[in-house]
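Asks: Output the structure for:
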Amino acid sequence: MTDDDLTFSISSIRFDENYRPSDNTRITTNFANLARGEHRQENVRGALRMIDNRFNDLADWDNPEGDRYQVELDIVSVEMQVAAGDGGDAFPMIEILKPSIIDRKTDTRIAGIAGNNFSSYVRDYDFSVLLAEHNKGRTAFATPEGFGDLHGNLFRHFLASPAYRDNFLKAPVICLSVSSSKSYHRTENRHPILGIEYRQSEFSPTDEYFAKMGLQARYFMPRGSVAPMAFYFTGDLASDYTSLELIGTISTMESFQRIYRPEIYNANSAAGKCFRPSLSHQDFSSTRIVYDREERSRLAIEQGRFAQEHFIRPYQADLKRWSADYAANHSL
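Replies: Sure, this is the predicted structure:
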């Protein structure tokens with residue numbers, strides 16, 4: 001198996017009140033979870049309203065009425081063709097979000113940063129199947145040798161692919177919740193859009209996993225936020241993107257995190273100099289948008305096993321050789 005045997009195709013669909021997750025969508029994807037069930041339209045409307053309000057709050061210059069901008073979101077789905085031309089099957093690899101910013105004053109559309117939320121079947125396999133099986137019967141938590149290597153190399157291969165270059169002008173930025181197993185310390189560094197920078201003494205497992213994808217981590221708490229968020233990126237986060245591009249990512253992911261993790265991101269008091277996030281925190285407000293966290297955890301296992309059955313096992317030997325060759329030829 002060579003690099004040419006692993007190719008990618010990209011499709012997208014608008015995330016709005018009419019969105020319904022397709023059969024091949026990862027239903028553990030947070031936005032897909034919101035768009036299911038009895039209150040699906042109300043959930044999506046509420047989430048998009050929160051995003052618009054937060055965007056206009058941060059982009060407050062030349063915006064006296066606080067309604068100049070609207071954010072539209074597209075769900076970007078990436079499929080990987082294994083051994084293209086030899087009858088190989090397409091495997092659903094990842095899903096990310098792509099914001100577009102509508103400037104009502106100038107009647108223009110501004111491209112946002114691809115990334116934001118990050119969903120991956122192979123990551124589900126790594127964390128919900130492989131890691132769980134590796135730690136059965138162990139008294140101390142451990143990761144198997146080479147944990148995350150394949151996923152990281154596949155992601156790096158995707159970013160270097162014609163499919164990515166043809167669809168996106170800039171490198172992605174993934175924005176996630178900070179880890180509840182680590183402490184974060186406020187620094188004196190302050191970015192005009194990203195806000196106050198926090199640092200931690202050691203990487204979380206998610207940080208280490210994303211590092212194998214070629215992504216660095218920094219932690220910022222934007223103005224008006226109550227907790228820092230983790231930003232994963234290549235290049236220079238503070239300089240490579242415009243203010244509106246960064247606000248698009250912040251407003252999108254902070255709004256989702258307020259729904260998914262209100263204990264942290266909708267808390268009634270802001271993070272202090274030393275911050276240890278906790279999902280057992282009780283002093284928070286509800287967004288009243290329905291999100292099923294238990295279902296998401298259960299489905300992550302099911303979808304991890306799907307990746308194991310349809311991708312890992314059928315191509316395991318070839319993937320192992322390809323991943324080793326890729327790492328040797330494309331150093332981080």
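Asks: When you work out contacts or count neighbours from here on, use the C-alpha atoms and nothing else.
Replies: Will do.
Asks: show me what contacts residue 211?
Replies: 152, 217 (C-alpha atoms under 8 Å, 6 or more residues apart in numbering).
Asks: Can you show me the strands along the stretch 151-300 of the chain?
Replies: Using DSSP state E, counting those that start in this stretch, the strands of the stretch 151-300 of the chain run over 173-177, 184-191, 195-199, 216-221, 229-233, 274-275.
Asks: Redo these as CSV? Include mean neighbour count and distance to residue 2.
Replies: Shown next, in CSV, are these (neighbours: other C-alpha atoms under 10 Å; distance: least, C-alpha to C-alpha, whole Å):
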stretch, mean neighbour count, distance to residue 2
strand 173-177, 22, 28
strand 184-191, 15, 41
strand 195-199, 20, 39
strand 216-221, 22, 27
strand 229-233, 22, 26
strand 274-275, 16, 45
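Asks: Nearest to residue 258, out of these?
Replies: strand 173-177 (10.0 Å; C-alpha to C-alpha).
Asks: That closest one pairs with which strands?
Replies: strand 115-120 (parallel), strand 229-233 (antiparallel) (DSSP bridges).
Asks: rank those strands by mean pLDDT and give me the bottom one.
Replies: With a mean of 90, strand 115-120 has the lowest mean pLDDT of the strands paired with strand 173-177.
Asks: Just the buried residues of it, please?
Replies: 115, 116, 117, 118, 119, 120 (16 or more other C-alpha atoms under 10 Å).
Asks: With distance to residue 104 as extra columns, can I get the strands paired with strand 173-177 in JSON lines?
Replies: Output for the strands paired with strand 173-177, formatted as JSON lines (distance: least, C-alpha to C-alpha, whole Å):
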{"stretch": "strand 115-120", "distance to residue 104": "23"}
{"stretch": "strand 229-233", "distance to residue 104": "28"}
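Asks: among these, which is nearest residue 220?
Replies: strand 229-233 (5.6 Å).
Asks: Now the closest one - C-alpha only, CSV.
Replies: In CSV, the C-alpha atoms belonging to strand 229-233 read as follows (Å, rounded to 0.1, in the frame of the first residue of the first chain):
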residue,chain,number,x,y,z
MET,A,229,-10.8,26.3,25.3
ALA,A,230,-8.2,24.1,23.6
PHE,A,231,-7.2,25.2,20.1
TYR,A,232,-5.3,22.6,17.9
PHE,A,233,-3.6,24.0,14.8
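Asks: now what about it, what contacts it?
Replies: With C-alpha under 8 Å, 6+ apart as the criterion, strand 229-233 contacts 171-178, 210, 215-221, 254.
Asks: now swap in stretch 250-264 and tell me
Replies: 30, 47, 50-52, 54-55, 99, 116-117, 175-177, 194, 222, 226-227, 229, 265-266, 277-287, 289-291, 293.
Asks: what is the mean pLDDT for it?
Replies: The average pLDDT for stretch 250-264 rounds to 93.
Asks: Show me how far it is from its chain's centre.
Replies: 12 Å (C-alpha atoms, centre = their mean, to the nearest Å).
Asks: CA atoms of that stretch as PDB?
Replies: C-alpha atoms of stretch 250-264 as PDB (Å, rounded to 0.1, in the frame of the first residue of the first chain):
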ATOM      1  CA  ILE A 250     -14.800  30.800  18.800                       C
ATOM      2  CA  SER A 251     -18.500  31.600  18.500                       C
ATOM      3  CA  THR A 252     -19.300  28.300  16.900                       C
ATOM      4  CA  MET A 253     -17.400  26.100  19.400                       C
ATOM      5  CA  GLU A 254     -18.100  28.000  22.500                       C
ATOM      6  CA  SER A 255     -21.800  27.900  21.800                       C
ATOM      7  CA  PHE A 256     -21.600  24.100  21.300                       C
ATOM      8  CA  GLN A 257     -19.600  23.700  24.400                       C
ATOM      9  CA  ARG A 258     -22.100  25.600  26.500                       C
ATOM     10  CA  ILE A 259     -24.600  23.000  25.300                       C
ATOM     11  CA  TYR A 260     -22.400  19.900  25.600                       C
ATOM     12  CA  ARG A 261     -20.500  20.900  28.800                       C
ATOM     13  CA  PRO A 262     -22.500  23.500  30.600                       C
ATOM     14  CA  GLU A 263     -20.800  22.600  33.900                       C
ATOM     15  CA  ILE A 264     -17.600  24.100  32.400                       C
END
